[in-house]
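1. Provide a 3D model corresponding to the input given below.
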Amino acid sequence: MQPNEGISLMSSGWFLMIPAMLIGLWAQFKLRSNYARYSKVGTVRGYTGAQAAREILDRNGLPNVEIYEVEGTLSDHYDPTKRAVFLSRDIFHGNSVASVSVASHEVGHALQHKAAYGPLGLRMALVPITGIATNMAMFLILGGLFLSSVIGPFSTTLLWIGVGCYALLAFFQLVTLPVEYDASSRAKEQLLRLGIIDPRESGGVSKMLGAAALTYVAAMISAVLELLRLIMLARSRENH
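-> As a prediction, this is how the structure comes out:
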């Protein structure tokens with residue numbers, strides 16, 4: 001590699017992709033390994049994920065929030081627009097520490113919704129905007145990079161607008177962190193308070209929920225690093 005090529009590599013920020021990728025892989029490994037471990041550990045009380053979710057919802061005045069079974073592995077989620085919890089087959093039917101942990105975490109979002117938890121409301125408001133901005137960012141950034149010979153100096157402006165759109169995605173990932181950690185905190189509190197798990201099982205629940213939260217931390221770090229890379233790239237183009 002020639003010296004000027006090394007400078008170009010540094011200025012475009014491609015070196016930031018390596019830690020982002022490693023952090024993402026590590027977080028997924030932690031989640032998968034903890035899920036594999038605790039999906040084999042049955043709970044003393046014998047609740048399935050669906051039963052645990054239903055118990056928490058009913059005891060918190062949310063009998064109208066439905067629980068549905070969906071395909072996939074760890075495809076579990078709460079849909080605030082439908083006011084429904086969706087659990088993957090293994091979580092829905094399983095009576096393991098992993099099953100009740102994941103199910104109760106998703107119910108934690110329903111509890112947030114009922115309590116009008118601020119960060120959840122902000123994330124819900126950002127979802128449609130972020131979806132549009134993410135799609136626009138790709139085209140604007142590519143246009144700014146490859147159409148400079150056609151549109152001249154405006155290509156840099158286009159590139160910066162694309163970077164701004166991507167910044168919204170990074171902000172969305174940042175807002176997601178307190179939402180997910182709070183849902184996990186609510187989940188564990190409910191599991192213990194309602195007697196769904198034995199206190200001796202709380203350590204396994206914490207590890208399972210903590211591993212899941214790491215994936216959101218990794219997504220946030222990756223988004224921020226990618227944003228920094230794009231800023232460096234735009235500044236490099238601007239200085240040429």
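2. what residue is smack in the middle of this structure?
-> Tyr216 (4.1 Å; CA atoms, centre = their mean).
3. pLDDT weak spots in the chain?
-> For the chain, residues meeting the criterion pLDDT under 70 lie at 1-13, 147-152, 239-240.
4. flag every buried residue along the helix or strand hosting Asp182.
-> Assessed by DSSP states H and E, Asp182 sits inside helix 154-193. When burial is assessed from 16 or more other CB atoms under 10 Å, helix 154-193 yields the following buried residues: 155-156, 158-173, 175-176, 178-184, 186-188, 190-191. Glycine gets a C-beta too; all of them are placed from N, C-alpha and C.
5. try stretch 48-68
-> So stretch 48-68, judged by 16+ other CB under 10 Å, has buried residues 48-57, 60, 62, 65, 67.
6. quick one, phi psi at Asp76?
-> With angles defined as degrees, to the nearest 10, Asp76 sits at phi -70, psi 140.
7. could you pull up the residues touching it?
-> Val70, Val85, Phe86, Leu87, Ser88, Ile91, Val102, Ala103, His105, Glu106 (CB atoms under 8 Å, 6 or more residues apart in numbering).
8. touching, the residue nearest to the centre of the chain and Gln173? I think so.
-> Yes. Proximity of Tyr216 to Gln173 meets the contact threshold set by CB atoms under 8 Å, at 7.5 Å.
9. just flag the most distant two among the contacts of Asp76.
-> Val70 and His105 (15.3 Å; CB to CB).
10. which SSE is the residue nearest to the centre of the chain in?
-> Applying DSSP H and E, one finds Tyr216 within helix 202-239.
11. relative to helix 154-193, how tilted is that helix?
-> 170 degrees (axes from the mean of the first three to the mean of the last three CA atoms, to 10 degrees).
12. list the buried residues for helix 202-239?
-> Buried, per 16+ other CB under 10 Å, within helix 202-239: 204-205, 207-209, 211-227, 229-230, 232-235, 237.
13. skipping adjacent residues, who's closest to Phe171 in space?
-> Setting aside the residues directly before and after it, Phe171 is nearest to Leu126 in space (CB to CB, 6 or more residues apart in numbering), at 7.5 Å.
14. go on, Ile141?
-> Gly162 (3.7 Å).
15. just checking, that neighbour touches Asn135?
-> No. Taking CB under 8 Å as the definition, Gly162 is not a contact partner of Asn135, at 10.9 Å.
16. overlap in contacts of these two?
-> By CB under 8 Å, 6+ apart, no residue touches both Gly162 and Asn135.
17. contacts only, for the closest residue to Leu209 other than its chain neighbours.
-> In space, not counting the residues next to it along the chain, Leu209 is nearest to Ser184; the distance is 4.1 Å by CB to CB, 6+ apart. Shown in contact with Ser184 (CB under 8 Å, 6+ apart): His105, Gly108, Leu209, Gly210, Ala212, Ala213.
18. just send those residues back as JSON lines, with distance to Phe139 too.
-> As requested, these are exported to JSON lines (distance: CB to CB, whole Å):
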{"residue": "His105", "distance to Phe139": "35"}
{"residue": "Gly108", "distance to Phe139": "36"}
{"residue": "Leu209", "distance to Phe139": "38"}
{"residue": "Gly210", "distance to Phe139": "38"}
{"residue": "Ala212", "distance to Phe139": "33"}
{"residue": "Ala213", "distance to Phe139": "33"}
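19. from those residues, which two are the most distant?
-> Longest span within the contacts of Ser184, CB to CB: Gly108 and Gly210, 14.0 Å.
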